[in-house]
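K.L.:
model this:
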Amino acid sequence: MNALLRAGTALLLASLLGSARAADTSAMTTAKPLTPGQALASLQVEAGLRVELAAAEPLTASPVALAWDERGRMFVAENRGYPVGPGTNQPPAGIIALLEDTNGDGTYDKRTEFATGLTFPNGLLCWRGGLIVTCAPDIFYLKDTDGDGKADVRRVLFTSFGTTSTTQLRVSHPTLGLDGYIHVTSGLVASKVTCPEHPERGAIDLPRGDARFHPDTLEIEPWPGVGQFGLAFDDFGRKFICSNRNPLQHVVLHPRYLKRNPHLAFSDTVQDVAPPGDAAQVWPLSADHTTAAFIPSLMSTPHAGTFTSACGISLWRGGALPAAFANSAFICEPAQNLVQRQVLTPDGPTFKSAPATPGREFLASADTWFRPVFSATGPDGALYVCDMYRKVIDHPQYLPEFIRGTLDYEAGKTMGRIYRVVVNKPKPKTPMRIPEFDVDRAITAVSLLDSTNAWVRQTTFRLLMERVSLNTLDLVAFQTSVSAGSPAKRTACLALLNRWDKLTLETLEKALKDTDPRVRDVALQLVESRSLAKAVTKESAERLLAQQNPQVDFRLALLLGDNRADWSQELLAKVAAQNLQSRWSRVAALISGDGNMAFMQHLVASARKPSELTPLMFDLGKLGGASQPPDVLRKTVSFLVEGFGVVTDDDAVASGWLTANLTGLAESTRSRGLGKDGRSALVTLASANPDTARRLGELFVAASKTVATASAPPPERLAAIDLLAHSDAATAGAALQSLIAPQTPNELQAAAVRALSQLPGAKAGEWFVERERWRSYTPPVRDAVLTAMLSQPALQLLLLEAVEKGVVQPWAVPANRRNPLLKHRDAAVVARATKAFQPQGAADRMKVYEDHKAVLALPANVKNGKAVFVKTCAACHQFAGEGQRVGPELTGVRLQPAEAILLHILVPDAEIYPGFTAYEAETKDGRSLTGLLTSDTPTSVTLRAAQGIEETILRANITKLTSSSTSLMPNELEKTMTRQELADLMAFLKGQ
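P.N.:
Residues are numbered from 1 along each chain as shown. Sure, this is the predicted structure:
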């Protein structure tokens with residue numbers, strides 16, 4: 001951003017809000033703290049439950065994480081220094097407190113400071129009589145060896161975790177997994193960590209993602225997921241994480257699988273289980289006091305009534321709450337003073353979730369100091385919640401300077417509450433009894449692994465994982481238990497045998513026949529981890545598939561990628577065919593499959609209805625087109641066109657899946673530059689065989705008729721349009737041009753624009769920018785035209801000429817999209833573009849803003865304002881669920897000052913929000929693409945452009961990828977509407 005503009009904007013925002021500052025900050029800071037008893041009384045909890053106070057100040061302060069040892073003693077990470085530390089020349093304030101309930105009444109009454117002098121401790125895990133503590137830049141191991149309750153051993157296991165960001169974003173949540181490793185979240189920061197006990201290993205690069213380390217060897221490595229402050233595993237090793245706006249995510253796929261097939265354009269590894277962003281609804285009791293509600297610079301996210309600080313997740317795996325709580329997840333939301341319960345249901349090989357009690361939270365308070373940040377199941381089976389209890393929970397770095405100094409970040413640092421949620425019935429008269437964890441006796445240990453209390457199971461599992469060997473008699477007990485007891489117990493025994501390297505193929509074969517699909521899933525993972533994929537026979541794989549469980553099918557598909565047996569392609573096709581609604585299962589089959597004609601034949605033979613294959617066939621076509629050599633592709637095109645063409649109603653109309661497959665293949669081969677002599681790649685490949693060429697021509701003619709048939713279903717017309725992009729102008733030009741008319745839905749018009757821009761011989765550029773036609777475009781269609789013309793060098797110059805002639809107004813080409821011209825390889829073109837656009841400078845934009853402030857005083861019509869929003873803004877913004885999610889969601893801006901909203905409309909470069917930076921990609925086939933970088937993996941990147949259109953590009957096809965310094969939102973929007981329309985738009989956004 002121009003320095004003058006940045007400075008001017010900062011001053012302006014301060015002055016804009018100066019008059020509102022008192023009201024805004026009072027809404028955030030005037031609440032007074034409640035006593036522990038008052039706070040307890042203020043809590044609203046789900047019906048049938050009761051909240052009890054387990055501990056409060058002065059026994060604890062600023063609690064952010066809990067762990068219990070096998071004696072039932074509670075260790076508390078007290079992050080007393082948050083958010084910025086105690087100040088210059090002051091010792092670190094962080095403490096690990098040891099709390100004990102000496103009389104068993106459920107209230108902790110004894111405190112010992114187990115460790116002091118820590119910076120910002122935020123995570124605990126009991127291990128071998130001590131604690132693993134995350135406290136960036138370090139992960140410590142602390143242990144009390146003399147029994148006084150104070151740690152006298154302090155080992156630094158790892159150091160140099162990132163601390164350059166805020167104290168909210170740090171490594172955290174050390175958690176033991178089924179794999180025997182300790183998993184930690186990254187806190188959304190990258191690190192280069194070292195192990196002081198193994199200096200010979202050097203620095204280990206941990207990108208912006210999670211990690212795991214072996215507790216014995218201290219080997220650390222990146223691990224899938226990008227968690228902020230929340231990590232949990234279920235009983236079957238499935239990993240869940242969260243971040244502020246993503247309340248619950250499931251890590252579905254390890255990126256290593258994507259490397260198997262570098263030609264597959266797919267980059268996702270994580271599923272949003274709970275709806276993310278503005279769809280993540282909450283129902284607070286407290287008044288709206290989230291930062292984003294009052295500060296213009298945070299208008300990129302909706303605030304009141306949606307998750308803004310999701311953290312401290314836990315999965316209910318059994319305990320003292322009702323059985324109906326099975327499959328529940330608890331998610332803390334400290335910014336809005338609540339804990340939400342969501343119920344998980346299967347969604348293919350992953351999950352989806354929804355609030356358990358819409359309209360009422362699991363736990364909530366009108367007390368704005370109530371700051372739940374962590375949840376866990378305790379020894380008694382109750383759900384425990386850490387309440388950090390702070391007046392202000394936001395880190396000052398996320399607040400504009402003008403407001404930082406008005407908030408009291410110290411208030412509450414000496415306070416803190418730990419609550420216990422139990423069934424609402426009389427307390428037991430006898431003290432709670434902690435079981436004897438005699439893990440040296442296999443019979444006892446195995447029975448404890450079958451406990452209905454998740455804490456008992458997990459503690460037993462941990463104690464057994466701490467052992468490095470097992471005698472023969474004990475081994476028999478665990479091997480026998482693989483087939484007995486609960487699914488959780490059977491799974492734990494499998495994991496333990498694997499840890500002790502006593503897991504035999506015979507035991508795994510038994511587990512693969514388990515009645516519970518979750519156990520079979522774990523068994524398949526262990527088969528893979530032990531490099532036993534080739535031991536899986538066709539008969540055993542078919543038996544697994546016959547049970548038709550999406551989770552097992554997904555895992556089997558990944559495993560078969562290591563098997564590579566002659567029969568594996570047939571079974572992979574069956575996996576895909578019986579899981580067509582799951583993109584994860586489709587991708588797993590494509591990752592592991594060859595994607596050849598044999599695979600396709602198996603796929604068609606396995607499908608119940610060929611029409612159901614359309615989504616997978618498109619992906620398969622793209623994969624084949626990207627990976628196969630030209631001679632194979634020629635045979636594939638002939639095979640498809642001649643062997644699978646379907647003739648209906650006397651027209652040569654390809655079935656839906658054939659159209660999808662050909663289109664996918666055509667797109668990939670076009671990207672490879674396989675078109676020759678002015679023909680598309682698909683036509684070039686088909687021309688090697690006259691019969692194939694004739695048949696393909698018939699398909700193009702049939703598709704042209706479909707496009708021109710207004711009564712044809714829109715999906716069929718869209719599919720036909722996409723295929724016609726690979727024909728020629730004589731065949732398809734007129735049909736595609738006829739679609740670009742006001743009577744045609746925008747989606748079809750935009751698709752026709754894309755097809756015409758790719759159509760050989762169409763001369764689309766001149767046609768797109770004919771003066772009257774340009775004026776007739778709706779905003780979405782105009783945007784599609786700009787995207788098409790700016791992505792191809794030949795059309796870029798035609799667009800520039802149109803700007804020079806005044807056909808296309810300079811402001812109609814957003815600043816961030818002019819780079820293909822302003823950075824053209826031809827200096828003469830750069831000079832022409834610089835002159836043609838002559839963008840208004842910072843001072844000019846601020847003059848426009850000052851000149852238009854008067855519209856805020858005009859009488860306005862909200863209904864008309866909505867129409868303006870739909871016409872001008874909805875291509876890139878959502879408001880109350882309407883529009884596309886490219887730029888910031890705008891529902892919550894109504895609480896912000898009108899002057900600030902107007903500033904962002906007229907001076908969009910005033911601030912570009914994190915996560916909304918535009919990226920520009922140049923590809924080997926000469927295209928230039930611009931959009932938000934929504935996904936980034938070792939093999940692909942995904943860009944999202946206007947209308948929410950996404951394109952995933954193989955890294956192998958990218959010649960350049962750069963970020964832009966300008967906003968995706970265009971300048972000079974005031975020229976697209978009258979002043980009255982601008983006033984109406986403002987009224988709509990403000991909800992007036």
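K.L.:
now the helices: where do they sit in the stretch 301-450 of the chain?
P.N.:
Along the stretch 301-450 of the chain, counting by DSSP state H, counting those that start in this stretch, helices occupy 401-404, 442-448.
K.L.:
neighbours of V468, how many?
P.N.:
9 (other C-beta atoms under 10 Å). Where C-beta positions appear, they are placed from N, C-alpha and C, glycine not excepted.
K.L.:
quick check: it touching T217?
P.N.:
No: counting by C-beta atoms under 8 Å, V468 stays clear of T217, with 11.5 Å between them.
K.L.:
hey, least reliable of the helices of the stretch 301-450 of the chain by pLDDT?
P.N.:
Ranked by mean pLDDT, the helices of the stretch 301-450 of the chain end with helix 401-404 at the bottom, a mean of 68.
K.L.:
need the residues that contact stretch 458-468.
P.N.:
With contact meaning C-beta atoms under 8 Å, 6 or more residues apart in numbering, stretch 458-468 is reached by 68, 70, 126-128, 176, 180, 216, 317, 437, 439, 445, 448-449, 451, 492, 495-496, 499-500.
K.L.:
go on, stretch 736-754?
P.N.:
So stretch 736-754 is contacted by 707-708, 714, 717-718, 721-722, 724-725, 755-756, 759, 762, 767-768, 773, 776, 778, 780-781, 783-785, 787-788, 947, 949 (C-beta under 8 Å, 6+ apart).
K.L.:
quick check: which element contains the residue nearest to R555 when sequence neighbours are not counted?
P.N.:
With C-beta to C-beta, 6 or more residues apart in numbering as the criterion, R555 has its nearest non-adjacent residue at 4.3 Å, and that residue is L524. Using DSSP states H and E, L524 sits in helix 517-529.
K.L.:
name the residues of that helix that are buried.
P.N.:
517-528 (16 or more other C-beta atoms under 10 Å).
K.L.:
output these as TSV; include the columns distance to H877.
P.N.:
Output for these, formatted as TSV (distance: C-beta to C-beta, whole Å):
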residue	distance to H877
P517	42
R518	41
V519	47
R520	45
D521	41
V522	44
A523	48
L524	44
Q525	42
L526	47
V527	48
E528	44
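K.L.:
number of residues surrounding K635?
P.N.:
16.
K.L.:
can you map out the strands along the stretch 51-200 of the chain?
P.N.:
63-68, 74-78, 94-100, 110-118, 123-127, 130-135, 138-143, 153-158, 172-176, 182-185, 191-193 (DSSP state E, counting those that start in this stretch).
K.L.:
now swap in the stretch 651-800 of the chain and tell me
P.N.:
Going by DSSP E, counting those that start in this stretch, the stretch 651-800 of the chain shows strands at 651-652.
K.L.:
low-confidence stretches in it?
P.N.:
651-655 (pLDDT under 70).
K.L.:
returning to that earlier point: now list the buried members of the contacts of stretch 458-468.
P.N.:
68, 70, 126-127, 176, 180, 317, 437, 439, 445, 448-449, 451, 492, 495-496, 499-500.
K.L.:
need the contact partners of the longest helix along the chain.
P.N.:
Longest helix of the chain, by residue count under DSSP state H: helix 690-708. Helix 690-708 is contacted by residues 637-638, 641-642, 645, 651-654, 659, 662, 682-683, 686-687, 712, 716-717, 720-721, 723-724, 727-728, 731-732, 735-736, 738-739, 752 when judged by C-beta under 8 Å, 6+ apart.
K.L.:
surely L658 is in contact with V637?
P.N.:
No: in this structure, L658 is not within contact of V637 by C-beta under 8 Å, at 11.1 Å.
K.L.:
setting aside sequence neighbours, what's the nearest residue to G593?
P.N.:
L572 is the one closest to G593 (C-beta to C-beta, 6+ apart), at 4.4 Å.
K.L.:
next: E770.
P.N.:
E770's closest residue in space is V807 (C-beta to C-beta, 6+ apart), at 7.8 Å.
K.L.:
ok, the one you found - how many residues close by?
P.N.:
Neighbours of V807 (other C-beta under 10 Å): 17.
K.L.:
that one - that's part of a helix, no?
P.N.:
No: the assignment for V807 by DSSP: H, G, I helix; E, B strand; the rest coil gives coil, which leaves it out of any helix.
K.L.:
am I right that it is in contact with F768?
P.N.:
No: look at V807 against F768 with C-beta under 8 Å: they stay out of range, at 10.2 Å.
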